[in-house]
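**Q** coordinates for the following, if possible.
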Amino acid sequence: MIVLALAAGVLAAHPLGNFTVNHYDGLVAAPHELRIDHVEDLAEIPAAQAMPGLDADHDGRPSHGELAAWAGGACARAASSLRVAVDGRPVTATVASAAASAPRGQAALPTLRLECRITAPAGPGTVSFRAGGDGRIGWREITARGDRMTLAASGVPGASRSRRLTAYPADLLASPPDQRSATLDVRAGGPPLAAPARGAGPGTLLPRGADGLTRRFTSLVARHDLTPGFAALAFLVALLLGALHALAPGHGKTIMAAHAIGDGRRRTRDVLALGLTVTLTHTAGVLALGLLVTTGALLAPEALFPWLGAAGGVLVTAAGALLLRRALHNRHHTHGHAHGHGHGHVPARSRRGGVVLMGLAGGMVPSPSAVVVLVGGAAIGRAWFGVVLVLAYGLGLAAALTAVGLLVAGSARALARRIPAMRPRLPSAMMPIGTSATVVVLGLGLTLRSLVL
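**A** Here you go, the predicted structure:
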């Protein structure tokens, strides 16, 4: 159980929502041309990165003219990135029309929706299509249909599962499709394609896999009538939401804290050191990532998360190595005292070093919602308020870790006193050795998984 919980603590923070750039390409084989309905849905963070080049007057609100200008350039770049060939002969894709909108997202940040109508000369034969790639994570979907032409084979569905990125299926959010190419066997003749009924696109925020607590947290910074009373209330709410985030299933940070003090001999200041380390590490990571996003210094911030996960795995491995070294030292020390004082003198530096490493691993991957709050505060001229909310969120994480750690340590000592008959069944030195070795294996597994997947 410790293995699974620790793994969840490092991996659960992977940013699947606010960092995504989602793509849809609807292919229609028609006489003399291939029509491509290219749609992009940029979530809050990539939209914030695009905003400096879009918002020409720097008023923080994209106008229709600014959106139209941005759409023209974005669609031209999208068309040039597409690779279309007919019977092995490359053909050039050109933009027929371009449009963009900016639905409001979380933390008062705008999102961006790009719609491009692209055409390429084509006819009967084998038509190959490959979408461009920018390395951003997100939904990638391709569909294909015929208009007075027949598709003998395509390898992709005829209908969009996301309705052109307007309604993402909930059961696919955890593992979105990654379709980047299609090969069509096009034959002449067929029924005409009925014109689809199109609206203006989504007018509200699309689901991004965020739970209710995340939405409440990101909405705090969007309050326009900021007063001292509301700021104090928002601080307390962020504190509570940070604690609830740490206690939520799947995060595993509380179990990690319980493991770091699980042998029942830790001091209260070690528990406080663990919570403080998690808070400082998490807050510093959010501030650094938010700065990189707002300044445009980092093109794909989500690319950092695998490396942060790998760093967290290395820290878990190091913490496990310290714990294993201490457990082996205690066992040797116990065997060397055969005259009734088989206690272990744990070096304070070694003990505290393992706790700090566990804290660094727990706060290594910043919460995506905290980054959204920070960027949202900067976007509306309240960067200080975003920093305050992020700090409160981190303090909530630390408070939950400290409370659960103290509770588990006290419970372990009480259980050991109440059930003394269980002690002789397992050598006292074997449990710390086994647990520490498990942590080492887990850390190595997390490191490899973060770098390979």
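
**Q** how about the strands in the stretch 51-200 of the chain?
**A** Secondary structure of the stretch 51-200 of the chain (DSSP state E, counting those that start in this stretch): strands at 83-86, 89-91, 94-101, 112-121, 125-130, 140-146, 149-153, 181-188.

**Q** mind putting those strands into CSV with mean pLDDT, mean neighbour count and distance to residue 50?
**A** All C-beta spots, glycine's among them, are computed from the backbone N, C-alpha and C. Output for the strands of the stretch 51-200 of the chain, formatted as CSV (pLDDT from 0 to 100; neighbours: other C-beta atoms under 10 Å; distance: least, C-beta to C-beta, whole Å):
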stretch, mean pLDDT, mean neighbour count, distance to residue 50
strand 83-86, 96, 18, 24
strand 89-91, 96, 12, 29
strand 94-101, 96, 18, 10
strand 112-121, 96, 22, 6
strand 125-130, 96, 18, 24
strand 140-146, 96, 22, 19
strand 149-153, 93, 16, 35
strand 181-188, 95, 17, 26
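
**Q** wait, which of those strands is closest to residue 160?
**A** Closest to residue 160 of those is strand 140-146 (C-beta to C-beta; 5.3 Å).

**Q** ok, residue 58 - how many residues close by?
**A** If you count neighbours by other C-beta atoms under 10 Å, residue 58 ends up with 7.

**Q** swap in residue 191?
**A** Counted by other C-beta under 10 Å, the residues lying close to residue 191 total 10.

**Q** which non-adjacent residue is nearest it?
**A** Using C-beta to C-beta, 6 or more residues apart in numbering and skipping residues adjacent in sequence, the residue nearest residue 191 is residue 148, 7.2 Å away.

**Q** tell me the pLDDT at the one you found?
**A** We note a pLDDT of 94 for residue 148 in this prediction.

**Q** who's in contact with it?
**A** 30, 31, 189, 190, 191, 192, 193 (C-beta atoms under 8 Å, 6 or more residues apart in numbering).

**Q** give me that answer again for 10 Å
**A** Contact analysis of residue 148 by C-beta atoms under 10 Å, 6 or more residues apart in numbering lists 29, 30, 31, 188, 189, 190, 191, 192, 193.

**Q** distance check, it against residue 20.
**A** To residue 20, residue 148 is 36 Å away according to C-beta to C-beta, to the nearest Å.

**Q** ok, now residue 376?
**A** Applying C-beta to C-beta to residue 376 and residue 20 gives a distance of 17 Å.

**Q** these two: who's more crowded?
**A** When residue 376 and residue 20 are compared on other C-beta under 10 Å, the one with more neighbours turns out to be residue 376, at 27 against 22.

**Q** does that one sit in a helix, a strand or a coil?
**A** helix (DSSP: H, G, I helix; E, B strand; the rest coil).

**Q** against residue 241, how distant is it?
**A** When C-beta to C-beta is the yardstick, residue 376 and residue 241 sit 15 Å from each other.

**Q** likewise residue 108?
**A** Per C-beta to C-beta, residue 108 is found 18 Å from residue 241.

**Q** with residue 193 instead?
**A** For residue 193, the distance to residue 241 equals 48 Å [C-beta to C-beta].

**Q** these two: who's more crowded?
**A** Ranked by neighbour count (other C-beta under 10 Å), residue 193 and residue 241 place residue 241 first, with 21 against 15.

**Q** quick one: the more buried one from residue 403, how far?
**A** 15 Å.

**Q** now do the contacts for residue 142.
**A** Residue 142 is in contact with 23-27, 36, 129-131, 154-157, 160, 177, 179-182, counting by C-beta under 10 Å, 6+ apart.

**Q** can you say which of those residues are buried?
**A** Applying 16 or more other C-beta atoms under 10 Å to the contacts of residue 142, the neighbour count classes 23-27, 36, 129-131, 154, 156, 160, 179, 182 as buried.

**Q** with distance to residue 449 added, can I get the residues you listed in a markdown table?
**A** Shown next, in a markdown table, are the buried ones among the contacts of residue 142 (distance: C-beta to C-beta, whole Å):
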| residue | distance to residue 449 |
| --- | --- |
| 23 | 26 |
| 24 | 30 |
| 25 | 31 |
| 26 | 35 |
| 27 | 35 |
| 36 | 36 |
| 129 | 33 |
| 130 | 29 |
| 131 | 27 |
| 154 | 34 |
| 156 | 30 |
| 160 | 32 |
| 179 | 24 |
| 182 | 30 |
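
**Q** so which bits of stretch 31-39 are buried?
**A** By neighbour count with 16+ other C-beta under 10 Å, stretch 31-39 contains the buried residues 33, 34, 35, 36, 37, 38, 39.

**Q** which residues touch the second one?
**A** Applying C-beta under 10 Å, 6+ apart to residue 34 gives the contacts 27-28, 82, 84, 86, 91, 93, 118-123, 127, 129, 144, 149, 184, 186.

**Q** same check, this time on the fifth one
**A** Applying C-beta under 10 Å, 6+ apart to residue 37 gives the contacts 24-28, 115-118, 143, 160, 164, 196, 198.

**Q** apply 8 Å and report the result again.
**A** The neighbours of residue 37, taking C-beta under 8 Å, 6+ apart as the test, are 24, 25, 26, 27, 28, 115, 116, 117, 164.

**Q** hang on, it in a helix?
**A** No. Using three-state DSSP, the assignment for residue 37 is strand, not a helix.

**Q** bridge partners for it, pull those for me.
**A** Per DSSP bridges, the residues bridged to residue 37 are residue 26, residue 117.

**Q** and it, how far from residue 100?
**A** Separation of residue 37 from residue 100 (C-beta to C-beta): 15 Å.

**Q** now the third one
**A** From residue 35 over to residue 100 the distance is 19 Å, taken as C-beta to C-beta.

**Q** now the helices for the stretch 301-450 of the chain?
**A** 304-335, 348-363, 368-379, 383-418, 430-452 (DSSP state H, counting those that start in this stretch).

**Q** lowest average pLDDT across those helices?
**A** Per-stretch mean pLDDT for those is lowest at helix 348-363 (a mean of 66).

**Q** ranges for the helices of the stretch 101-250 of the chain?
**A** Here the stretch 101-250 of the chain has its helices, by DSSP H, counting those that start in this stretch, at 212-220, 228-247.

**Q** hang on, the earlier thing: wait, which of the contacts of residue 37 is closest to residue 437?
**A** Of all these, residue 24 has the smallest distance to residue 437: 47.6 Å, by C-beta to C-beta.
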